[in-house]
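Colleague: give the three-dimensional model of this entry:
(one chain, ligands or ions: 1)
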Amino acid sequence: MLNIKKVSVVQDGNNVCADIVGFDFNAYDKDDIAEVRKYWLQYGVLRFKNAAITDEQHIAFSRHFGEFVIHPKQLQEGGHPVHKEILVIANTMKDGKPTGAMGNSEATWHTDTWFYEKPPAGAILHAVEVPPEGGDTYFLSTYLAYETLPDDLLKAVDGRQIFFQRVYDKTGKLRLGKSVPRSEDFREWEGVVHPLVRTHADTERKSLYLGGTIEGAWIVGMPLNESNELLARLWKHTTEGGPVFVQKWDRGDIMMWDNRCTMHRRDSFDPGFTRIMHRTTTSGERPI
Ligand code: SIN
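Modeller: Residues are numbered from 1 along each chain as shown. Modelled structure (predicted):
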């Protein structure tokens, strides 16, 4: 018998997110997982309200959706003391050192580790402790971003490739293991090239692939000023034009997203409050 009793679309998310109701993390079978997977592919973002799972349940559930990927932040302050599969996103400290990644700061719109050759397919984020306000997480669909492009932008992105440098992170810090490049032109730095319009390996729907920032991105073959202008228009269309689902966290909530067709961001919060999130990340394919 299926453990999922009902799946409803969250109306104010306009098809960006669906709530999964009735999934039992203590007792599920392969049919239940197949249902979750079906809705994950259909909606891109799923929410499990008040699931309050253990780390072991989190890992066991995530395993059904692919191999684990080590997020770069796990190799720094975001490593879990026991479980190598879990990224800790938190503003907590021990002995003067952070015990989680990202502190209390805002994270602007991005898709996860876009600078990888094979960016992850999925992420599953569990709220262990949340502040009374702030730290909301926002999601949008990059399928919808692509499908609602005006004709001139649709033409402009057709067949284009995008280069992302992978030497510096969004805050301007050198990424782990990278050294200051000799050239001043980021297009000559180490990086990765992906299609600007990617086709989802499972759904075969097309979506816009913008990565995490305009700085350090270049539409291959285009003069840089034109590339910047086009990227600015695409970012505006994607992040300001369409529906966004806002997750206001309760302790125990889980958000599960498909990184191949969504972007997310989060608000900052008062550093006087504690926010601890545990996240798993699962592997994806090279974008096509
Ligand atoms: C992230 O995975 O980008 C962080 C999301 C969050 O902390 O809400």
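Colleague: any low-confidence regions in the chain?
Modeller: 1-14 (pLDDT under 70).
Colleague: get me the contact residues on it for the ligand.
Modeller: I89, A107, L125, T137, H264, R266, M277, R279 (Cβ under 6 Å from any ligand atom). All C-beta atoms are positioned from the backbone trio N, CA, C, and that covers glycine.
Colleague: ok, the fourth one - how many residues close by?
Modeller: When neighbours are counted by other Cβ atoms under 10 Å, T137 registers 21.
Colleague: before we move on, what about the fifth one?
Modeller: Neighbouring residues of H264 were enumerated by other Cβ under 10 Å; the total is 23.
Colleague: who's in contact with whichever strand or helix holds it?
Modeller: Secondary structure assignment for H264, by DSSP states H and E: strand 262-266. With contact meaning Cβ atoms under 8 Å, 6 or more residues apart in numbering, strand 262-266 is reached by 16, 44-45, 106-111, 135-142, 210, 238-239, 257.
Colleague: and the residues you listed, which are buried?
Modeller: 16, 44-45, 107, 109-111, 135-142, 210, 238-239, 257 (16 or more other Cβ atoms under 10 Å).
Colleague: for the next helix or strand after the strand holding H264, packing partners?
Modeller: Moving toward the C-terminus from strand 262-266, the next helix or strand (DSSP H and E) is strand 276-282. The elements that strand 276-282 packs onto, with contact taken as 3 or more Cβ pairs under 8 Å, 6 or more residues apart in numbering; DSSP states H and E, are helix 55-62, strand 87-90, strand 122-129.
Colleague: give me whichever of these is most buried.
Modeller: Highest mean neighbour count of those: strand 87-90, a mean of 24 (counted as mean count of other Cβ atoms under 10 Å).
Colleague: which strands and helices sit next to it?
Modeller: Strand 87-90 packs on strand 101-102, strand 276-282, going by 3+ Cβ pairs under 8 Å, 6+ apart.
Colleague: recalculate using a threshold of 10 Å.
Modeller: The contact analysis (3 or more Cβ pairs under 10 Å, 6 or more residues apart in numbering; DSSP states H and E) places strand 87-90 against strand 101-102, strand 122-129, strand 276-282.
Colleague: my read is F139 is in a strand, agree?
Modeller: Yes - counting by DSSP: H, G, I helix; E, B strand; the rest coil, F139 is part of a strand.
Colleague: I'd say it and G242 touch.
Modeller: No - if you go by Cβ atoms under 10 Å, F139 and G242 don't touch, sitting 11.1 Å apart.
Colleague: identify the contacts common to the two.
Modeller: Between them, F139 and G242 have V16 as joint contacts when contacts are counted by Cβ atoms under 10 Å, 6 or more residues apart in numbering.
Colleague: any idea how many residues pack against whichever residue of the stretch 151-288 of the chain sits closest to the ligand?
Modeller: Of all residues in the stretch 151-288 of the chain, R266 sits closest to the ligand, at 3.9 Å by Cβ to the nearest ligand atom. Using other Cβ under 10 Å, R266 has 22 neighbouring residues.
Colleague: what's the answer for S268, then?
Modeller: 15.
Colleague: F269 now?
Modeller: 21.
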